[in-house]
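Trainee: here's my sequence, what's the structure:
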Amino acid sequence: MFDSLSDRLGGVFDKLRGRGALKEQDVRDAMREVRIALLEADVALPVVRRFVDQVTEKAVGQSVLRSVTPGQQVVKIVNDALIETLGGEQTAELDLNAAPPVVIMMVGLQGSGKTTSTAKISRLLKDKQGKKVMMASLDVNRPAAQEQLRVLGEQTGVATLPIIPGQQPTEIATRALQAARLQAVDVLMLDTAGRLHVDAQLMNEMKAVAAITTPRETLLVVDSLTGQDAVNVAQSFAGEVDLTGVVLTRMDGDARGGAALSMRAVTGKPIKFAGTGEKMDAIEVFHPSRVANRILGMGDIVSMVEKAAEAVKVEEAEALAKRMEQGKFDMNDLRMQLKQMQNMGGIGMLAGMMPGMKKAKAAMQASGMDDKVLLRMEAIIGSMTAKERANPALLNAKRKIRVAKGSGTQVQDVNKVLKMHLEMSKAMKQIKKMGGLKGLAAMFGKGGLDAAMPGLGGQGLGGAAGGLPGLGGPGGPDLSKFLKK
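Mentor: Residues are numbered from 1 along each chain as shown. Here you go, the predicted model:
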């Protein structure tokens, strides 16, 4: 979403970093470009003015201009201002500190992704926090809205309130509250009806439901692709309903990101969740500092490690760690690594989270390298026999032709995969010579790998439990080196 803004800001800061000393006029010229970049990203004008004035005031100070690295200092000031604009260092979490059932009411316009977000957040609470959750649809206007929530409940394993045709939203809310109490539910999610625009009937209906259920959280769901319209909708709702937070959907889209940057400053309500795709697990807690880092091209290692922890199965990781200790690495191991990368969001997602990988990601896209590469590689490995996967040396010219035909690729593609495997095997043998993973960790100092790269040693990319040696792991090759088309 923030790609165009990130590119514009990156160009501005590259100029600043390239100078040994900065004058006040240099900073003001840069801030003028930042202002234009933010306006083009559809950020609200009052927010842009406040942001640029705040940054300029700090950046023209003597401590910056006389600094050894003035360009870096300006970037830090902009980063801090972005974090503050997005909501501050603290992540706004759901307030579930109340006697169960805790009611969370989802509000918003039609088409904003309210029902899907209800199911996603319910799944998140069930799987991550171990809560017993029930969902109830109060939308009696949109055809099949209640049926949609029931189907999503089956997909996510979350209970839904049985549908009784003809009931009104207030009656459904009362029944949902009673059912939640009887079934000892921890969290009750209420999916309210939407409208094509904000009107008195919609607001009265939400107020009536709120009076009955006294929700602990009232979350406004807005479509981030609508830009400033999303901010206007949020202002309208905030004036009528006691909102506690915002859920931004379609954050994976190609919008300019103005809604996210404007929302907190204009409404005063924190962004609590960001929808990043259509799948039920494609939602994440909104971390202002991580988003700011991504905008400025600093990467998001913490989120990447969290994704690795979710994608990597402990037993598989331990088995791979033992094989690494022994210097072994066959095609089955490579196949497992490729699946892990796909589960973590693919090459593009990982590149976007790694510091300094913005230009590398653009180069990958320009060369035609995308997540289809992973699928082709997996197809090639899948076309091999069990013996060939365990011992790739068996693959002679005749067998390579068979594998290429079976996977719908060329013999050259098969050779690239074999070359990649060979490089990884060499890396595993090198690790064994260095005394295994313990010896490798010792190279990073007394604290081992965890001390050198906090959070990556235990379950990271190239760490003992994580793997992915082909993407930044110890001695591992770069995918793009072998798979450029």
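Trainee: okay, and the nearest residue to Ala159 once chain neighbours are set aside sits in which element?
Mentor: In space, and not counting its chain neighbours, Ala159 is closest to Met134: 4.8 Å by Cβ to Cβ, 6 or more residues apart in numbering. C-beta coordinates here come from the backbone N, C-alpha and C atoms, glycine included. Using DSSP states H and E, Met134 sits in strand 133-137.
Trainee: who does the helix or strand hosting Glu57 touch, helix- and strand-wise?
Mentor: Assessed by DSSP H and E, Glu57 sits inside helix 45-59. Under the contact criterion of 3 or more Cβ pairs under 8 Å, 6 or more residues apart in numbering; DSSP states H and E, helix 45-59 touches helix 24-40, helix 70-86, helix 258-267.
Trainee: buried deepest among those, which one?
Mentor: For those, the largest average neighbour count (mean count of other Cβ atoms under 10 Å) is found in helix 258-267, namely a mean of 25.
Trainee: quick one: that one to helix 24-40, angle?
Mentor: 100 degrees (axes from the mean of the first three to the mean of the last three Cα atoms, to 10 degrees).
Trainee: which segments of the chain make up each domain?
Mentor: Following automatic domain parsing, one finds the domains of the chain at 3-86, 102-295, 301-483.
Trainee: is it possible to get a markdown table of these that adds distance to Glu93 and mean pLDDT?
Mentor: Shown next, in a markdown table, are the domains of the chain (distance: least, Cβ to Cβ, whole Å; pLDDT from 0 to 100):
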| stretch | distance to Glu93 | mean pLDDT |
| --- | --- | --- |
| domain 3-86 | 15 | 81 |
| domain 102-295 | 7 | 88 |
| domain 301-483 | 15 | 64 |
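Trainee: can you tell which of those domains is closest to Leu94?
Mentor: Nearest to Leu94 among those is domain 102-295 (5.7 Å), distances taken as Cβ to Cβ.
Trainee: the closest one: how far from the chain's middle?
Mentor: 19 Å (Cα atoms, centre = their mean, to the nearest Å).
Trainee: endpoint to endpoint, stretch 398-418 covers what distance?
Mentor: By Cα to Cα, to the nearest Å, the extent of stretch 398-418 from end to end equals 15 Å.
Trainee: can you report phi and psi for the residue nearest to Glu33 when sequence neighbours are not counted?
Mentor: Of all residues not flanking Glu33 in the chain, Val12 sits nearest, at 4.8 Å (Cβ to Cβ, 6+ apart). Main-chain dihedrals, Val12, degrees, to the nearest 10: phi -60, psi -50.
Trainee: about what we covered before: can you lay out the domains of the chain as JSON lines showing distance to Leu94?
Mentor: Below are the domains of the chain laid out as JSON lines (distance: least, Cβ to Cβ, whole Å):
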{"stretch": "domain 3-86", "distance to Leu94": "18"}
{"stretch": "domain 102-295", "distance to Leu94": "6"}
{"stretch": "domain 301-483", "distance to Leu94": "18"}
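Trainee: so which of the ones you listed is nearest Asp95?
Mentor: Proximity to Asp95 (Cβ to Cβ) singles out domain 102-295 among the domains of the chain, at 5.7 Å.
Trainee: number of nearby residues for Lys23?
Mentor: Around Lys23 sit 12 other residues, with neighbours defined as other Cβ atoms under 10 Å.
Trainee: can you pull the contacts of Gln401?
Mentor: Actually, residue 401 is Ile. It isn't Gln. Contacts for Ile401 (Cβ atoms under 8 Å, 6 or more residues apart in numbering) come out as Val411.
Trainee: show me which residues of the helix or strand hosting it are buried.
Mentor: Ile401 is part of helix 397-407 when elements are defined by DSSP H and E. Using 16 or more other Cβ atoms under 10 Å as the burial criterion, the residues of helix 397-407 that qualify are Arg399, Lys400, Arg402, Val403, Ala404, Ser407.
Trainee: what's the burial count for the closest residue in space to Thr91 that isn't next to it in sequence?
Mentor: Once flanking residues are discounted, Thr91 sits nearest to His287: 5.2 Å by Cβ to Cβ, 6+ apart. Counted with other Cβ under 10 Å, residues neighbouring His287 total 22.
Trainee: ok, His287 touching Ala92?
Mentor: No. The criterion here is Cβ atoms under 8 Å, and His287 misses it with Ala92 at 9.6 Å.
Trainee: who's in contact with Glu93?
Mentor: Lys272, Val285.
Trainee: okay, the closest residue in space to Leu16 that isn't next to it in sequence and Ala41: tell me how far apart.
Mentor: Using Cβ to Cβ, 6+ apart and skipping the chain neighbours, the partner closest in space to Leu16 is Gly71 (3.8 Å). The gap separating Gly71 from Ala41 is 22 Å, by Cβ to Cβ, to the nearest Å.
Trainee: residues contacting the closest residue to His197 other than its chain neighbours?
Mentor: Of all residues not flanking His197 in the chain, Leu109 sits nearest, at 7.0 Å (Cβ to Cβ, 6+ apart). Applying Cβ under 8 Å, 6+ apart to Leu109 gives the contacts Gly194, Arg195, Leu196, His197, Val198, Val222, Val233.
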